[in-house]
Every structure is written in C-alpha cells, then in structure tokens.
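Novice: attaching a predicted model along with its sequence, questions to come.
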Amino acid sequence: MSGPLSGVRVLDLSRVFAGPFAGQLLADLGADVIKVERPGVGDDTRSWGPPFLKCADGTETGDAGYFLAVNRGKRSITVSLNTPKGQRTVRELARRSDILLENYKVGTLTKFGLGYEDLKAINPGLIYCSVTGFGQTGPRRDAAAYDFMIQAMGGLMSVTGERDDLPGGGPQKVGIPIVDVLTGMYAAVAVLAALACKQKTGKGDYIDIGMLDVMVASLANQAMNYLISGKVPKRYGNRHPNIQPQDVFASRNGHIALAVGNDGQFAKFCAAIGRPELARDERFATNAARVRNESILTPLIADLIGQRDTAAWLDLFEAAGVPCGPINTLPDLFKDPQVVDREMLIKVDHPAAGPISLVASPMRFAEATLSVRRAPPLLGQHSEEILRELALEDDGQCDSVPAKDGSA
C-alpha cells in the first residue's frame, strides 16, 4: 500500500460521475475504495458509450470510457440494496469503513436502513458524504440533476459561448462535465477535512454536497463582478471580462491563445510584435485601460497575428516571456513534451483488455508515493474477495455469499 491515505477505507455507493470522481481522488491518494454496484447492471456510466473498451481480440468489454474515467484504483462488489442480505453486507462494510460516499436521491438510503443515523449507530467515526443535485434541503431537494442542467441553472452557460450578436452566439456548455468534476473535488476536500477533524475528536461527520451549490461557488470572478457592480455578466466568447489581451487569435495557418496577465507582460508583447509604442499609449498602458478599450485593441492585435504562422508566433512569444499556447487537440496534447515529461499518461493492466492507457493523477508529493494499483474494475470483480474479508473479520457472522456471476 502506498499514498497518504494508505489504511483508509472508503465505501463508494455513488454512481455516474461526481461521487465516483471523489472516490477516485481518494483511491489515487492510497485509500482502499470499495465500489458497490447493482448486480448485472452496475454503474450507469458503464453503458454510456460508445466508445467501449475493447479486449485484445477486438470484442468489447461493455465498459465505456465514461466509466473508466472515474473508477481507477477501486474494487467492485455487486450488492442489491433492496434485499436484507444486501443491506447487511453494506452495514458490515460501513462498520469497517472510514468514509462513505453516496449520491442517491434524498432519503433513499434511509428507507433501506442505510442512512447516516443508521450507520452512525454502528460506526460513530464514519464520515458520510451525500452528493446530490440540490442538497438535502430546499424546494428542489427531491429532484434529479445532471451536469448539463446544472451548468444551465447555475449561471455557467450565461457566461460561456460566443456573443449573441456574432455567428455561433448563444449559451454553450463546457466541453467536459465540469460541474461533476468540481463537485467531486469539493466532496473529496470535505471528507478529508472531516478525516483530519476525526483525528482530534474521534467523531465522524455528515457532509451535504449539492451540485447547484458547487456551481454557484465556482462562478468566482464572474459572481463578484456582478455583486460589486450590479452589471449582469454576458458571454464574451474567448475574451476575458477582466484582463486584456486574453483571447484566441487567428494566425496565418491556425490559432493561438494569448494570455497577457499584467502590464509588464503587455510591454513584452508589444515589443515582440514590433509595436512597443502601444505599451505607452494611454488607451492601453494599464490593464484597466485595455479592458475599457478592448474593442479598439483586439482588432489591432488580430490584424498583426494574422500575418504569421502559429509556430512562428509561439517561438517569438515564448522567447519574450509572453504567456501563450496552441489550441491542441487531444492527440497533440498527449504528445506535448511537457505532458510527456510529467507522465500524465500511464499504462495499467486491465483484467479483460490487458494493458490500457489511463490519465494519471496530477498530484505530486515529495515524500509520499502515488501509484495506480488497479485498473477500473470489471463489474463485481472483487465481490468474493471482499466478502471473504468480511467473513474473516466478522468471525463468520456475515451471511452474504457471492453468486456465480459475482453478484451479492
């Protein structure tokens, strides 16, 4: 076992993305994460394809990329929560766990005798984290939610996308399930904070994470822009509302993302493009002035950038210390020397597909060692193994027996 959370057990009752993402972060850190899934069906995301992972002979495993993205490092056990035997199994797992993650609708697990108060009675130190669309209180507490609708409801799509008066204008979602990712991160931070508190008090805690709350909290500068000015933020495409010049500009053969962050960088940028006088122009000398005069500055820069190829600009700006980058496709990204050097792609042996590529954790520790110990599991892959552990630890009192298909 390796990692800062070695010796910590996580019972992951969550499905889809946000909860499993939190569980994967904890697994990356060394925790033993046991994923509980429905017999014969498993997590919804196993079927969210194509694409599906293929075996060496070309046949599909039935596990979609969506599932593989958030379940590395875990063990899978299949359990029917609506049966007495399944409920006993989960209670036995909870009794031996430090953290429990779940994202069922409000009150669902309480109906099965698996709510926080139920499990706290057998494990007072349990940290129980519920992840839902809208939290445990409020008029929408019982409603289902998905990332896309929370991006819309939470204000993100009102500030994402091209301006309404330009071609392609209108609200856009982010290209990844960003609310799920952020919710998973908040959940992981919360349970680790509770774990630190438990070391001092010996007590567990109950954590209520709502996706809409997370989205509101993540509006960051856009929320504060509105709260201090009263002006409703709008969609500006790739233009930054508070810092200029930050935009995507068309070169002679492609595009470049320019991210000038302060007045010193702007002076370097002006020198690099052969227009040093622009840094002394009162309309552009300060960031505030550049933001106010963005409609003048942007066309001027666009005209200059369009006169050279992307590679030529990247070389020139990098030498001058001007932040910029290409618009990489994923093949470009995974070949980038920086990404390669940081070993952000790893190979892990999958029980059905053999060696597969996975994205690595971005966390780096000077002392602790992180390693992906397991590929995303097959459905019920570890059922017998986990039930044997329960039987040994429980001196034979747990009567759950795995079926031939691995279900409990």
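Specialist: Great, that's in hand.

Novice: you'd agree residue 186 is in a helix?
Specialist: Yes: Residue 186 forms part of a helix when assessed by DSSP: H, G, I helix; E, B strand; the rest coil.

Novice: what is the neighbour count of it?
Specialist: Counted with other CB atoms under 10 Å, residues neighbouring residue 186 total 22. Every residue, glycine included, has its C-beta placed from N, CA and C.

Novice: just use 56 as the starting number from now, easier for me
Specialist: All right, first residue 56 from here; so that's residue 241.

Novice: can you name the residues that contact it?
Specialist: The neighbours of residue 241, taking CB atoms under 8 Å, 6 or more residues apart in numbering as the test, are 264, 269, 272.

Novice: which helices and strands does the helix or strand encompassing the first one pack with?
Specialist: Okay, so that is residue 264. Under the criterion of DSSP states H and E, residue 264 resides in strand 260-265. With contacts defined as 3 or more CB pairs under 8 Å, 6 or more residues apart in numbering; DSSP states H and E, strand 260-265 has these neighbours: strand 182-187, helix 233-256.

Novice: that one: what's the following helix or strand?
Specialist: The helix or strand immediately downstream of strand 260-265 is helix 266-272, counting by DSSP H and E.

Novice: what are the buried residues along that next one?
Specialist: Taking 16 or more other CB atoms under 10 Å as the neighbour-count basis, helix 266-272 is seen to contain the buried residues 266, 267, 268, 269, 270.

Novice: again, but for stretch 315-334
Specialist: Applying a neighbour-count criterion of 16+ other CB under 10 Å, one finds 315, 318, 320, 321, 322, 323, 324, 325, 327, 328, 333, 334 buried in stretch 315-334.

Novice: which residues touch the third one?
Specialist: Neighbour list for residue 320: 376, 377, 378 [criterion: CB under 8 Å, 6+ apart].

Novice: same check on the last one?
Specialist: When the contact criterion is CB under 8 Å, 6+ apart, the partners of residue 334 are 318, 321, 322, 325, 326, 340.

Novice: may I ask which two of the residues you listed are separated the most?
Specialist: By the measure CB to CB, 326 and 340 form the most distant pair in the contacts of residue 334, at 14.2 Å.

Novice: if we can go back for a sec, among the helices and strands packed on strand 260-265, which is nearest residue 356?
Specialist: Within the helices and strands packed on strand 260-265, the stretch nearest residue 356 is helix 233-256; the backing value is 28.5 Å (CB to CB).

Novice: please report how far residue 293 lies from residue 343.
Specialist: In this structure, residue 293 and residue 343 are separated by 20 Å, where distance is defined by CB to CB, to the nearest Å.

Novice: again but with residue 77, I slipped
Specialist: In this view, residue 77 and residue 343 are 40 Å apart by CB to CB.

Novice: so those two - more neighbours on which side?
Specialist: Comparing residue 77 with residue 343 by neighbour count (other CB under 10 Å), the higher total belongs to residue 77, at 32 against 11.

Novice: hey, C-alpha coordinates of the helix or strand hosting the more buried one in CSV?
Specialist: Under the criterion DSSP H and E, the helix or strand holding residue 77 is helix 73-83. The C-alpha trace of helix 73-83 is given here as CSV (Å, rounded to 0.1, in the frame of the first residue of the first chain):
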residue,chain,number,x,y,z
ALA,A,73,-19.4,13.4,-9.3
GLY,A,74,-19.4,10.9,-6.4
PRO,A,75,-17.2,8.3,-8.3
PHE,A,76,-14.7,11.1,-9.2
ALA,A,77,-14.4,11.9,-5.5
GLY,A,78,-13.8,8.2,-4.8
GLN,A,79,-11.2,8.0,-7.5
LEU,A,80,-9.3,11.0,-6.0
LEU,A,81,-9.2,9.2,-2.7
ALA,A,82,-8.1,6.0,-4.4
ASP,A,83,-5.3,7.9,-6.1
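
Novice: pLDDT score for the nearest residue to residue 67 once chain neighbours are set aside?
Specialist: For residue 67, the nearest residue in space outside its immediate sequence neighbours is residue 78; the separation is 4.0 Å by CB to CB, 6 or more residues apart in numbering. Predicted confidence (pLDDT) at residue 78: the value is 98.

Novice: please apply the same query to residue 458.
Specialist: With respect to pLDDT, residue 458 scores 35.

Novice: what about the residue lying closest to residue 437 once chain neighbours are set aside, how many neighbours?
Specialist: The spatially closest residue to residue 437, leaving aside those adjacent along the chain, is residue 130, at 3.8 Å (CB to CB, 6+ apart). Summarising burial for residue 130: neighbours were counted as other CB under 10 Å, giving 20.

Novice: which residues touch the helix or strand that contains residue 371?
Specialist: For residue 371, the element it lies in under DSSP H and E is helix 365-375. Contacts with helix 365-375, where a contact means CB under 8 Å, 6+ apart, come from 306-311, 313, 323-324, 326-327, 360, 378-381.

Novice: in strands, which of those fall?
Specialist: The subset of those located in strands under the criterion DSSP state E comprises 310, 311, 313, 379, 380, 381.

Novice: how near is the last one to residue 306?
Specialist: Residue 381 sits 10 Å away from residue 306, taking CB to CB as the criterion.

Novice: kindly report the same for the fourth one.
Specialist: As judged by CB to CB, residue 379 and residue 306 stand 11 Å apart.

Novice: list the contacts of residue 290.
Specialist: Under the criterion of CB under 8 Å, 6+ apart, the neighbours of residue 290 are 213, 214, 215, 216, 217, 218, 219, 224, 225, 226, 227.

Novice: what is the burial count for the nearest residue to the first one once chain neighbours are set aside?
Specialist: Okay, so that is residue 213. Once its chain neighbours are removed from consideration, residue 213 has its nearest residue in residue 226; the separation is 6.5 Å (CB to CB, 6+ apart). The burial metric for residue 226, expressed as a neighbour count using other CB under 10 Å, is 15.

Novice: quick one, phi/psi of residue 226?
Specialist: In this entry, residue 226 is assigned phi and psi values of phi -60, psi 140 (degrees, to the nearest 10).
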